[in-house]
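**Q** Give me the fold of what follows.
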Amino acid sequence: MSTSMPVAGNRRSSLFLFLLALSLMVSLMNSSTPTPLYPLYKEHLGLSSLDLTFIFGAYGIGVLIALVAMARLAGSVADLRWLFVPASALVFIGAGAFAHGTSLGALCFARLLGGLGSGAMTAAVNIALVRFNPGHNDKLPALVATLAMVSGLALGPLLSGAALQLDIRPMASPFWLIALLGLAAAVASLLLWPGRGAAQSGAAHGSAGRPASLKHALQGIGLPFHLCAWSVFFSWSFAACVFVLGPQVARQVFGLTEPGLFGYVISAYLLIAGISQLYCQRLEARQALLGGWLCQCLTFVVLLLACYTQALWLALLGLVIGGYAYGALFVGNARLVNQLAPRHSHGKLISYFYATVYLFNATPVPMGLLVDAYGIVSASTIALLVFLVIGLVLFALARRTRFTPDASPPFVRLAASAQGTPDTPHSK
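**A** As a prediction, the model looks like this:
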């Protein structure tokens with residue numbers, strides 16, 4: 001009798017953590033699902049390439065607002081259900097609204113709601129994984145959240161790609177599936193939510209002192225910190241251009257006309273990025289960073305050759321290398337920021353780090369202007385050349401920079417050093 005009770009409790013706790021991860025996974029599926037559908041929206045609604053970047057950017061704005069708000073609220077909320085329930089509702093409403101969007105304004109508003117939901121869900125779930133961590137296994141929250149993120153990002157384009165190929169209402173059915181799956185995971189999570197005792201012990205376990213001002217927190221680490229932030233911004237900016245305008249390049253440059261195939265390509269790209277993040281956690285942070293930069297610059301060279309020769313196999317090779325670079329650059333920079341940030345200001349600096357990084361959502365806008373003005377072929381070549389030049393400069397700076405603070409403040413290395421919320425960075 002005495003042994004069966006702990007076993008039942010462990011099973012309940014494991015199921016609860018699984019449902020939290022499922023909720024996070026679904027919210028990230030909502031992030032990447034529209035990628036193969038952008039040409040369809042452009043054709044059916046008469047949108048320009050610039051309009052597509054607004055749809056993409058609206059989601060990022062929502063995520064950024066939510067992360068900044070969660071950074072202020074999370075530490076003062078004892079019962080995380082006050083964060084989890086609104087996040088689940090926003091994911092459900094955002095996905096449902098996007099399924100019924102028939103104009104640019106409606107689609108942008110729906111994506112804004114979805115971004116708010118994803119940002120709030122990311123923060124709430126990551127904090128909950130730490131608070132309700134059975135046995136306080138430091139590696140478990142990072143592993144669970146990373147796997148949930150990788151699965152969600154990879155499954156999104158897979159889902160919409162399959163709906164496109166099978167012609168099952170591709171502009172609506174994937175989002176209703178996401179909405180219903182998210183609702184089911186949220187309801188089940190609430191039914192298994194632990195009592196106040198577990199929450200209070202978890203909250204006490206993560207308490208910290210009064211944070212310093214941002215200016216004071218950056219003293220001695222300003223240059224390496226900003227180099228890390230802008231490096232991830234650069235990497236995610238390239239990925240954003242691939243997500244938004246990649247389907248047009250695949251169709252017009254490489255002749256990939258089969259509906260849904262680009263969704264499978266993006267799923268593979270994101271899966272490689274996720275595997276890269278898991279692998280690079282074993283490397284020294286600076287080693288992962290420099291290896292990521294080398295692969296990122298190589299990606300631009302290979303893709304330029306692919307566009308010049310119109311060789312699909314070269315483009316696919318470039319995306320494989322780029323997927324590794326995506327994961328390696330994020331893990332290397334996120335871990336270095338965790339190591340640089342002093343304990344008393346860690347949360348504030350991580351919030352600032354992601355506020356800087358999430359500005360990447362604006363990058364596809366000038367790319368959309370280029371496409372509308374010069375066509376997809378010329379715009380892609382110009383953009384890849386610009387990315388290559390900036391990438392080489394940042395690579396050179398990273399090689400010459402010492403990623404150590406001038407002073408010697410106490411360091412902290414969070415368990416979730418490869419995740420992306422204001423408290424525990426995640427892999428995007």
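
**Q** alpha carbons only for contacts and neighbour counts from here, please
**A** Noted.

**Q** Identify the residue nearest residue 253 in space, chain neighbours excluded?
**A** Leaving aside its sequence neighbours, residue 253 sits nearest to residue 310 (CA to CA, 6 or more residues apart in numbering; 6.2 Å).

**Q** Can you list phi and psi of the one you found for me?
**A** phi 60, psi 40 (degrees, to the nearest 10).

**Q** Quick check: it vs residue 151, distance?
**A** According to CA to CA, to the nearest Å, residue 310 and residue 151 sit 31 Å apart.

**Q** The two - which one has more neighbours?
**A** Neighbour count, other CA atoms under 10 Å: between residue 310 and residue 151, residue 151 has more, with 22 against 17.

**Q** all helices of the stretch 201-350 of the chain, in order?
**A** Along the stretch 201-350 of the chain, counting by DSSP state H, counting those that start in this stretch, helices occupy 214-217, 222-252, 261-280, 285-309, 312-340, 346-357.

**Q** Need the winner for burial among those helices.
**A** Highest mean neighbour count of these: helix 312-340, a mean of 25 (counted as mean count of other CA atoms under 10 Å).

**Q** Remind me what it packs against, helices and strands.
**A** Applying 3 or more CA pairs under 8 Å, 6 or more residues apart in numbering; DSSP states H and E, we find helix 312-340 packed against helix 222-252, helix 261-280, helix 285-309, helix 346-357.

**Q** what about residue 14, which helix or strand?
**A** Assigned by DSSP states H and E, residue 14 falls within helix 4-32.

**Q** For residue 43, grab the count of nearby residues.
**A** The number of residues packed near residue 43 is 10, by other CA under 10 Å.

**Q** who's in contact with residue 313?
**A** If you count contacts by CA atoms under 8 Å, 6 or more residues apart in numbering, residue 313 has them with residue 306.

**Q** for residue 396, same thing?
**A** Contact analysis of residue 396 by CA under 8 Å, 6+ apart lists nothing.

**Q** pLDDT score for it?
**A** pLDDT for residue 396: 94.

**Q** Next, it: secondary structure please.
**A** helix (DSSP: H, G, I helix; E, B strand; the rest coil).

**Q** measure it to residue 294 for me?
**A** Counting by CA to CA, the gap from residue 396 to residue 294 is 10 Å.

**Q** where does the stretch 151-300 of the chain dip in pLDDT?
**A** Applying pLDDT under 70 to the stretch 151-300 of the chain flags the ranges 196-220, 222, 259.

**Q** neighbouring contacts of the host helix or strand of residue 82?
**A** According to DSSP H and E, residue 82 maps onto helix 81-99. Helix 81-99 has contacts (CA under 8 Å, 6+ apart) with 23, 27, 30, 106-107, 110-121, 124-125, 171-176, 178-180, 182-183, 186, 190.

**Q** for the helix or strand following that helix, packing partners?
**A** Sequence order places helix 104-131 as the next helix or strand after helix 81-99, per DSSP H and E. On a contact count with 3+ CA pairs under 8 Å, 6+ apart, helix 104-131 meets helix 4-32, helix 49-73, helix 81-99, helix 140-166, helix 196-205.

**Q** among those helices, which is the most enclosed?
**A** helix 140-166 (a mean of 24).

**Q** so the residue nearest to residue 253 touches residue 251, yeah?
**A** No: Residue 310 lies out of contact with residue 251 (CA atoms under 8 Å); the separation is 11.1 Å.

**Q** Figure out the helix or strand that residue 78 lives in.
**A** Applying DSSP H and E, one finds residue 78 in no helix or strand.

**Q** Next one: it from residue 282, what distance?
**A** Distance, residue 78 to residue 282, using CA to CA: 34 Å.

**Q** Compare neighbour counts for these two and give me the winner.
**A** Shown here are residue 78 and residue 282; by other CA under 10 Å, residue 78 has more neighbours (13 against 9).

**Q** and that one, what are its phi and psi?
**A** Note on residue 78: its backbone torsions stand at phi -80, psi -40 [degrees, to the nearest 10].

**Q** Check it and give its pLDDT.
**A** The model's pLDDT for residue 78 equals 77.

**Q** Over to residue 315?
**A** So residue 315 comes in at 95 (pLDDT).

**Q** Check residue 377 too.
**A** On pLDDT, residue 377 comes in at 90.

**Q** So what's the residue count around it?
**A** 15.

**Q** same deal with the one 4 residues further on?
**A** The burial metric for residue 381, expressed as a neighbour count using other CA under 10 Å, is 17.

**Q** give the contact list for residue 248.
**A** Going by CA under 8 Å, 6+ apart, residue 248 touches 39, 376.

**Q** Now do the nearest residue to residue 357 once chain neighbours are set aside against residue 185, distance only.
**A** Distance criterion CA to CA, 6+ apart; nearest residue to residue 357, sequence neighbours excluded, is residue 233 at 4.4 Å. To residue 185, residue 233 is 31 Å away according to CA to CA.

**Q** Please apply the same query to residue 159.
**A** 18 Å.

**Q** ok, the residue nearest to residue 17 when sequence neighbours are not counted to residue 232 distance?
**A** In this structure, residue 17 finds its nearest non-sequential neighbour in residue 129, 6.9 Å apart by CA to CA, 6+ apart. Computed as CA to CA, the residue 129 to residue 232 distance reads 25 Å.

**Q** got it, and residue 97?
**A** The gap separating residue 97 from residue 232 is 31 Å, by CA to CA.

**Q** who touches residue 245 in this structure?
**A** Shown in contact with residue 245 (CA under 8 Å, 6+ apart): 49, 368.

**Q** Cheers, nothing more for now.
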